[in-house]
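[1] Here is the input, now give the coordinates:
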Amino acid sequence: MNRGKVYTVSSVNEYIKNMFSREYVLSVIFVKGEVSNCKYHSSGHIYFTIKDASSQLACVMFRGDRKGLDFKLENGQEIIVGGSVSVYERDGKYQLYAKKIVLAGDGILSEKYEKLKEKLQAAGYFDEERKLPLPKYVKRIGIVTAKTGAAIQDMINICTRRNPYVQLFLYPAKVQGEGAAETIVRGIQTLDEKNVDVIIIGRGGGSIEDLWAFNEEIVADAIFFCRTPLISAVGHETDFTIADFVADLRAPTPSAAAELAVYDVRQALMELYEYKDRLARNILQRTEAFRERLEHVEDRIKYLNPQNQVLQKRQYLMDMEEKLILYMKQVQKDKMHALAVLATRLDSVSPLKRLKNGYAYVSDEKGNSMDSVDRLNVNDRILVTFADGTATAAVEEIKKHPAVTETGQEETDGQKG
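    I've put the predicted structure just below:
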């Protein structure tokens, strides 16, 4: 036997599983059938089979997906299971992994819902770029809902509390049952012609049948072609309708829609007060800056003023005059001190001072000083000056005193030479 490549069981099962995962139809599928072999496992998972007259399909719903199951699954129930078909590799069998389970009556509506959703999504009804932004400050709000009930009362209360000056225009519409979709469409079109700022369509929660009017294609068309920003507020937070996807904004509840549409006037006032304070601070800062600038310019003008310049120069001259006088006084004082020192020194060598001490000054008749006996002769007339007068005398005898040599020894007349 000529054998080709040999595969393991695991690789074959993995290959088959990849084939299932690449099949788009099996990735999101709804299957209708009767429940059999239903078992709630201790782990929280539900294992069951759905069957029809000629075939059956193994199913499992994991514990994490059971939050969407709002009834107890039992054998014999007619259900529609939404999920994906894949291969369980260990056992080599395929099964339906359930994400959503509804009773058969709701299942038909769910199927219609999914088909319309796919159609509108392909047509661009859900594209974000075509959706209109809500104005921040609205004056006129149009509401399409039942004229009685908690939804309209909640919206009125919230709108009035957040902004008592906003105007509300109610178009009373049927929100469930026969003809509800038509009245919702008329309400949207009527309010769109009234030039309101925002339109809110909504109602309280309910079953899929109760909310079905907001899943109709004519309502989706009316929302799509509406020129006014529109908020869809249908049901509770977990409820999603076709209107929610087409609307410019989806609110989880009618009350939330009112809060999204109406700007809180108290917050607006707080912002205004904040802007006022900021403006006042800016004005004060700019005023102070201009004042300082003006004072600087004023100081410069004063400084450059000719009169001020004259005063400045005059003050400068006065300061210089005062410094000059002080300098001259100091120089005079220094000179007088030097003169006093010289006078003292001169006085110390003054002949008059010596004359007062008993000495006398000898000169000839012509006034020439006679400082040595060698210059005198006998009978010469000399003048002897004392401190208090002059006397004339005649030389009678000349006698020389011994001289003092440079070595300090006295020499007599006979020793000279």
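
[2] which residues of the stretch 201-350 of the chain fall in strands?
    230-234, 249-250 (DSSP state E, counting those that start in this stretch).

[3] got those as a markdown table, with mean pLDDT and distance to A360 columns?
    Every residue, glycine included, has its C-beta placed from N, CA and C. Listed next are the strands of the stretch 201-350 of the chain as a markdown table, based on pLDDT from 0 to 100; distance: least, C-beta to C-beta, whole Å:
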| stretch | mean pLDDT | distance to A360 |
| --- | --- | --- |
| strand 230-234 | 93 | 142 |
| strand 249-250 | 94 | 139 |
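
[4] now, of the ones you listed, which is deepest in the fold?
    Of all these, strand 230-234 has the most neighbours on average by mean count of other C-beta atoms under 10 Å, namely a mean of 27.

[5] Just list what it packs against, helices and strands only.
    On a contact count with 3 or more C-beta pairs under 8 Å, 6 or more residues apart in numbering; DSSP states H and E, strand 230-234 meets strand 198-203, helix 242-246, strand 249-250, helix 254-261.

[6] how about the longest one as PDB, C-alpha atoms only?
    The C-alpha coordinates for helix 254-261 follow below in PDB (Å, rounded to 0.1, in the frame of the first residue of the first chain):
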ATOM      1  CA  PRO A 254     -34.900  58.300  30.000                       C
ATOM      2  CA  SER A 255     -33.600  60.000  33.100                       C
ATOM      3  CA  ALA A 256     -30.100  59.700  31.800                       C
ATOM      4  CA  ALA A 257     -31.200  61.200  28.500                       C
ATOM      5  CA  ALA A 258     -32.600  64.200  30.200                       C
ATOM      6  CA  GLU A 259     -29.300  64.700  32.100                       C
ATOM      7  CA  LEU A 260     -27.300  64.400  28.800                       C
ATOM      8  CA  ALA A 261     -29.600  66.800  27.000                       C
END
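
[7] That helix: how far from the chain's middle?
    Between the centre of helix 254-261 and the centre of its chain there are 31 Å (C-alpha atoms, centre = their mean, to the nearest Å).

[8] what angle separates it from strand 198-203?
    170 degrees (axes from the mean of the first three to the mean of the last three C-alpha atoms, to 10 degrees).

[9] in helix 254-261, what counts as buried?
    Under the neighbour-count criterion of 16 or more other C-beta atoms under 10 Å, helix 254-261 has P254, S255, A256, A257, A258, E259, L260, A261 buried.

[10] what does it contact?
    Residues from elsewhere that reach helix 254-261, judged by C-beta atoms under 8 Å, 6 or more residues apart in numbering: 134, 138, 141, 145, 151-152, 154-155, 158-159, 162, 198, 200, 202-204, 231-233, 249, 251.

[11] Mind checking which of those residues are buried?
    For those, a neighbour count by 16+ other C-beta under 10 Å gives the buried set as 134, 138, 141, 145, 151-152, 154-155, 158-159, 162, 198, 200, 202-204, 231-233, 249, 251.

[12] and stretch 381-392, C-alpha only, in CSV?
    Extracted as CSV, the C-alpha positions of stretch 381-392 are listed here (Å, rounded to 0.1, in the frame of the first residue of the first chain):
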residue,chain,number,x,y,z
ARG,A,381,86.1,148.3,66.6
ILE,A,382,83.4,145.6,66.8
LEU,A,383,79.7,145.5,67.4
VAL,A,384,78.4,143.1,70.1
THR,A,385,74.7,142.2,69.7
PHE,A,386,72.8,140.9,72.7
ALA,A,387,69.2,139.8,72.9
ASP,A,388,68.1,143.2,74.1
GLY,A,389,70.6,145.5,72.3
THR,A,390,74.0,146.3,70.7
ALA,A,391,77.2,147.5,72.2
THR,A,392,80.3,148.9,70.5
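
[13] Just the mean pLDDT for it, thanks.
    Stretch 381-392 comes out with an average pLDDT of 84.

[14] Kindly report the same for stretch 340-358.
    Mean predicted lDDT for stretch 340-358 stands at 77.

[15] Now do that stretch: everything it contacts.
    Y361, T385, F386, A387.

[16] so K400 touches V373, yeah?
    Yes. In this structure, K400 is within contact of V373 by C-beta atoms under 8 Å, at 5.5 Å.

[17] These two: which is more packed in?
    V373 (13 against 10; other C-beta atoms under 10 Å).

[18] Enumerate every residue touching the more buried one.
    I398, K399, K400.

[19] nearest to N308, of these?
    K400 (87.4 Å; C-beta to C-beta).

[20] what about that closest one, is that helix, strand or coil?
    coil (DSSP: H, G, I helix; E, B strand; the rest coil).

[21] start at 15 instead
    Renumbered: residue one is now 15, and that last one reads K414.

[22] end to end, how far does stretch 234-248 reach?
    13 Å (C-alpha to C-alpha, to the nearest Å).

[23] What is the distance between it and the centre of its chain?
    For stretch 234-248, the distance to the chain centre is 38 Å (C-alpha atoms, centre = their mean).

[24] what's the answer for stretch 84-96, then?
    Worked out by C-alpha atoms, centre = their mean, stretch 84-96 lies 57 Å from the chain centre.

[25] What residues of it count as buried?
    L87, Q91, I93, I94, V95, G96.

[26] And stretch 109-118, by the same measure?
    So, applying 16+ other C-beta under 10 Å, buried residues of stretch 109-118: Q109, L110, Y111, A112, I115, V116.

[27] for stretch 20-38, same thing?
    N27, K31.

[28] residues in contact with it?
    L40, S41, V99, S100, V101, E103, G106, Y108.

[29] go again using 6 Å as the cut-off
    L40, S100, V101, E103, G106 (C-beta atoms under 6 Å, 6 or more residues apart in numbering).
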